[in-house]
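how would this look folded up:
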Amino acid sequence: MTTTVHDAAITAMYGLPRMEDAEPGVPFNTADTPRPNANSSGIGDAIPSFATIFSQAAKQSAIKMKRRRSLNTRTYYRLSASSRVQNALKNLEAANATFHELPPGDFNLLKCAIQRYRVRLDVGDRLTAAELKSLLLETRTNEQEAERITLETFRTNTENATAAEAEAETLKYSEAREKYGDLKYWRETLAKEEMRVTPVVMFPNWGNNKAQDTIHTPTQHAQITASAGNILRNILNPETIRRKTISLKILTQQISEEVAKFLTEPDKSADRKCVVKQIKDSLAAAAAAEAASKRSKQ
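Sure, this is the predicted structure:
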């Protein structure tokens, strides 16, 4: 039998032995060397398995990284995009021309600020049905705990307490009741959302025993940012600023509705004047800061 001549130097350098001229004619034994399509060595099965495991691990890592960076996406809602707000400004202009609630300069300042302002919103990731159910259970547990704390705070005896201690307990009870109310509202909202996304059998086909399911996906939760809520504290309701909303659409509709009420309702006259004063103070502070910056550069 023809044998391969091994050159130690060549083998050490290139890793392959040299063949004689007659050796290529010898039949090749496939059992000794694994081929790409052969499964005898198990290599063919290991490669897809490793690729699958790697892709799943990469996907989970990407999800964790995204959530670690930011749980929410920042977006803006322009008040000028709402036809309801625009109509409210027209109604306020007509009423102001008759009753002279605001000087023309103050009205134009308020109108310009409303039209230019963009409300900053935090929008969460879209949840799955399982994540929505888990969030509902967690909220229900938090609600029960908040209810317990509220009752304990309410039963606190302040008969022999000083005025400062009684005021502190009253504030503590008010905050506990506020938190309990927010959690109760959020739990009821999540329960309605869970019912909405639960598949419902519609129009069953009795002939072939098949049915069509109406499937809805959970919405993206949205909330006004803390900075925007501080600016809009005299325009929007405290609950709207404080609470999370089940969807971006509902939140923007609620904002436009409350801004329209702020502009048109007669009992909001004091709030409108207060907002105008805030705008003037903000402009004066910005002008003072700009002047100080110019002086420092000179």
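
next one: stretch 170-177 to chain centre, how far?
Using Cα atoms, centre = their mean, to the nearest Å, the distance from the centre of stretch 170-177 to the centre of the chain it belongs to is 28 Å.

Over to stretch 108-122?
Its chain's C-alpha centre lies 22 Å from the corresponding centre of stretch 108-122 when counted by Cα atoms, centre = their mean.

how far does that stretch stretch from start to finish?
Chord length of stretch 108-122, first to last residue, is 30 Å (Cα to Cα, to the nearest Å).

Rounded mean pLDDT for that stretch, please.
Summarised as a single mean, pLDDT over stretch 108-122 is 95.

and Tyr185, what does it touch?
With contacts defined as Cβ atoms under 8 Å, 6 or more residues apart in numbering, the neighbours of Tyr185 are Glu239, Arg243. All C-beta atoms are positioned from the backbone trio N, CA, C, and that covers glycine.

and the gap between it and Thr170?
Between Tyr185 and Thr170 the distance is 23 Å, computed by Cβ to Cβ, to the nearest Å.

so which strand or helix has the nearest residue to Ile241 once chain neighbours are set aside?
In space, not counting the residues next to it along the chain, Ile241 is nearest to Gly229; the distance is 3.7 Å by Cβ to Cβ, 6 or more residues apart in numbering. Here Gly229 is covered by helix 226-231, with elements defined by DSSP states H and E.

who does the helix or strand that that helix is followed by touch, helix- and strand-wise?
Towards the C-terminus, the helix or strand next in line after helix 226-231, according to DSSP H and E, is helix 238-242. For helix 238-242, the helices and strands in contact under the criterion 3 or more Cβ pairs under 8 Å, 6 or more residues apart in numbering; DSSP states H and E are helix 163-197, helix 248-264.

separation between the residue nearest to the spatial centre of the chain and Gln223?
Centrality entry for the chain: nearest residue to the mean C-alpha point is Gly124, 1.5 Å, by Cα atoms, centre = their mean. Computed as Cβ to Cβ, the Gly124 to Gln223 distance reads 8 Å.

that older thread, lowest mean pLDDT across the helices and strands packed on helix 238-242, which one is that?
Summarising mean pLDDT across these, the least confident stretch is helix 163-197, with a mean of 93.

At which residues are the strands of the stretch 51-200 of the chain located?
With DSSP state E, counting those that start in this stretch, the ranges of strands along the stretch 51-200 of the chain come out as 72-78, 118-124, 200-205.

Give me the packing partners of the second one, helices and strands only.
For strand 118-124, the helices and strands in contact under the criterion 3+ Cβ pairs under 8 Å, 6+ apart are strand 72-78, strand 222-224, helix 226-231, helix 248-264.

One more pass at 6 Å, please.
Contact here means 3 or more Cβ pairs under 6 Å, 6 or more residues apart in numbering; DSSP states H and E; on that basis strand 118-124 packs against strand 72-78, strand 222-224.

Quick one: mean pLDDT for the last one?
Think strand 222-224. 96.

Can you tell me the closest non-neighbouring residue to Glu143?
If the residues on either side of it in the chain are set aside, Glu143 comes closest to Leu183, at 4.1 Å by Cβ to Cβ, 6+ apart.

dump the residue contacts of that neighbour.
If you count contacts by Cβ atoms under 6 Å, 6 or more residues apart in numbering, Leu183 has them with Asn142, Glu143, Ala146.

How about Leu190?
By Cβ under 6 Å, 6+ apart, the contact set of Leu190 is Leu136, Thr139.

and if we set it to 7 Å?
Shown in contact with Leu190 (Cβ atoms under 7 Å, 6 or more residues apart in numbering): Leu132, Leu135, Leu136, Thr139.

now these: which count as buried?
Applying a neighbour-count criterion of 16 or more other Cβ atoms under 10 Å, the buried members of the contacts of Leu190 are Leu132, Leu135, Leu136, Thr139.

mind giving me TSV with those and columns for pLDDT and distance to Ile114?
Written out in TSV, the entries for the buried ones among the contacts of Leu190 read as follows (pLDDT from 0 to 100; distance: Cβ to Cβ, whole Å):
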residue	pLDDT	distance to Ile114
Leu132	94	35
Leu135	95	35
Leu136	96	37
Thr139	97	34
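
Among these, which ones are in helices?
With DSSP state H as the criterion, helices contain Leu132, Leu135, Leu136, Thr139 from among the buried ones among the contacts of Leu190.
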